[in-house]
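*Asks:* After the sequence you'll find the predicted model.
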Amino acid sequence: MPALSRIPLEAVEEAGGGCLRLVCAPASIVAPIPGQFYMVRGPWEADPLLPRPFSIARFRTVKDEQVQLEFLLRIVGRGTRLLGTAHAGIELDVLGPLGNGFEQPPGDSAWMVAGGIGIAPFPALTDAIATSKRTLSLLVGARTEAEIPGFVDFETNLTGGVEIATDDGSAGFAGTVVDLLASRLQRATEARPSQIYVCGPHPMLEAAAAVCAGAGIPCSVSLEAPMGCGMGTCRGCVIQTFQDTNFTVCTEGPVTDANVIWSSKPAP
Amino acid sequence: MTDLSVQIGDLSLRNPILTASGTFGYASEYETMVDFSKIGGVITKGISPEPRLGNPQPRIWETESGLINAIGLDNVGVKDFELSKLDYLREINCAVVVNFFAESTEGYATLAHTLGAMVGVDALEANISCPNVKSGGREFGVDPAAAADVTRASREATNCPLIVKLSPDVSNIGEIASAVADAGADAITVANSIPAMAIDIDSRRPRLSFGRGGLTGPAVRPIVTRLVYESAQATNIPIIASGGASSWRDVVEFMLAGASAVQAGTVNFVNPRASVEMAEGLETYCRQNGINSLEQLVGAVNMP
């Protein structure tokens, strides 16, 4: 069950690629499931008005069963600018954990595919999967080398390795991360993963879902949508599925099987 | 102990704080956040004769101290409301007001009859003012005769207390308020969201898929305060203020302008516990200022 907590901000740290880590002080809250999110708001009056949704990037249980939350953000507007330039010690209103998180992969190996800041939920997922001795790979894409988000400090658990894609070819694979995904799936030397996790902008998720469907590999996506409440009431994040039904991203997602949103059958 | 109770027709509220339609779902969403016994009542998402998907993305866009939405009346429809939402609402310890709308005068009457007969529904709020759909609502809210027709038809269809939610997008709200009161409304809600628009200067496209939307939140409060005042000058039926109230101070301000009750709307997204905090703050304010009955506040503004 979600709770509204007031938690001091412990630190804001550079995380590479123009991303920032927002580290909260330990608090007496329930631990989230990787892939779940929080609505976060600083101690300002009416502007910016709404809290901002952030996937849980990482969490750890510290002494006295307290839980320390960490978010990854990129400054894109007024809300993220205020949070990203906030001083340690300010109090954040943190509502969560919200929505549905990732499940463990069904087999021995899994790949995570991140578009830019879509890397945000993967450190927590990496921590959760690493304890189960599975092989885990990360594919991460950005427009250019300077925008590749930092890998925080979770590389050591990526036993299957990290591959980078840049649209302009300035680092790693030249092309989108979805192109990289398709190319890697065709490499005879790679073992096929039992599960692919994808997080990034909506068109990227749709493209990745099509690649996974073509390869017959289960695809779990973390959806992104503008959110007002995080509780299913404002209806701002609702998207329509291929079956013309509504899908409420904040309560039915943000993590879901891709075939709930997009048809897994090839286009006629 | 200050008596914060409010009477709106046959509807009794323990205090004047209601949660606004479209900002509180069907109440169960806030079970872990809100002690319903601390607020006057909840107003549901607007219910239509058939389920509605609403508009495509994007549906919301934040502006300075405000939120523009074009949700498009996404709701479960009256059948599923009765099957899957009403049982929970029956059990909560506050008044339950069901917001509703239809595409014709007859549609309003039929739905008012159906919803008004449901056990657990304490009052109805007719939405004649949504700016975010192509038909169904707003055209009834901007014309005094049409507003009166819809009100009269709904009134004749049910004995349930009837609140009519007015559009702010009119040149003379007093005229509409008075027409709706004469047609049998027990109270009016002033007002719905304010028609608004935002444009992305890079793509030159509107920020919302519907093009336009409705502005809510603290940004609209001074406009709605004026609309409440003007409505209060034109009619004697109770007025429920809706538009940007975020704290107990805003509640007091709306009451001084002439409101008998106040809705907490967009603020529920900012702070899910806001409605309870507003009720508690109002109680403290009244106690500290020797106010024994809210009637001492309603319309008590000293105009120059």
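*Replies:* Nice, thanks for sending it over. Numbers count the residues shown, from 1 in each chain, chains lettered A, B, ... in the order given.

*Asks:* The residue in the stretch 1-150 of chain A that chain B sits nearest to - how many residues pack around it?
*Replies:* Using Cβ to the nearest Cβ, A:A46 is the residue of the stretch 1-150 of chain A that sits closest to chain B, at 4.1 Å. (Each C-beta comes from the backbone N, C-alpha and C, glycine too.) A count of nearby residues for A:A46, using other Cβ atoms under 10 Å in any protein chain shown, gives 17.

*Asks:* can you check B:D10 too?
*Replies:* Neighbours of B:D10 (other Cβ under 10 Å): 11.

*Asks:* how far away is it from B:A148?
*Replies:* To B:A148, B:D10 is 21 Å away according to Cβ to Cβ, to the nearest Å.

*Asks:* can you list the weak-confidence ranges in the stretch 151-268 of chain A?
*Replies:* Residues of the stretch 151-268 of chain A meeting the criterion pLDDT under 70: A:152, A:188, A:266-268.

*Asks:* go again using 80 as the cut-off
*Replies:* Flagging of the stretch 151-268 of chain A using pLDDT under 80 yields the residue ranges A:151-155, A:188-190, A:265-268.

*Asks:* Near chain B, which residues of it are found?
*Replies:* For the stretch 151-268 of chain A, the residues in contact with chain B (Cβ under 8 Å from any Cβ of the partner chain) are A:225-226, A:228-229, A:231-240, A:244-246.

*Asks:* and B:A241, backbone torsions?
*Replies:* phi -80, psi 140 (degrees, to the nearest 10).

*Asks:* what pLDDT does it get?
*Replies:* On pLDDT, B:A241 comes in at 98.

*Asks:* count of neighbours near it?
*Replies:* When neighbours are counted by other Cβ under 10 Å, B:A241 registers 31.

*Asks:* Report the buried members of the residues of the stretch 151-268 of chain A next to chain B.
*Replies:* When these are checked for burial by 16 or more other Cβ atoms under 10 Å in any protein chain shown, the buried set is A:225-226, A:228-229, A:231-239, A:246.

*Asks:* nearest spatial neighbour of A:F122, skipping sequence neighbours?
*Replies:* Of all residues not flanking A:F122 in the chain, A:M112 sits nearest, at 4.8 Å (Cβ to Cβ, 6 or more residues apart in numbering or on different chains).

*Asks:* Surely the one you found and A:R134 touch.
*Replies:* No - between A:M112 and A:R134 there is no contact under Cβ atoms under 8 Å: 11.7 Å.

*Asks:* neighbour count winner among the two?
*Replies:* Taking other Cβ under 10 Å, A:M112 and A:R134 do not tie; A:M112 has more neighbours (28 against 18).

*Asks:* Show me how far the worst-scoring helix or strand of chain B on mean pLDDT is from its chain's centre.
*Replies:* Ranked by mean pLDDT, DSSP states H and E, the weakest helix or strand in chain B is helix B:138-141, scoring a mean of 78. When distances are taken as Cα atoms, centre = their mean, to the nearest Å, helix B:138-141 is centred 15 Å away from the chain's centroid.
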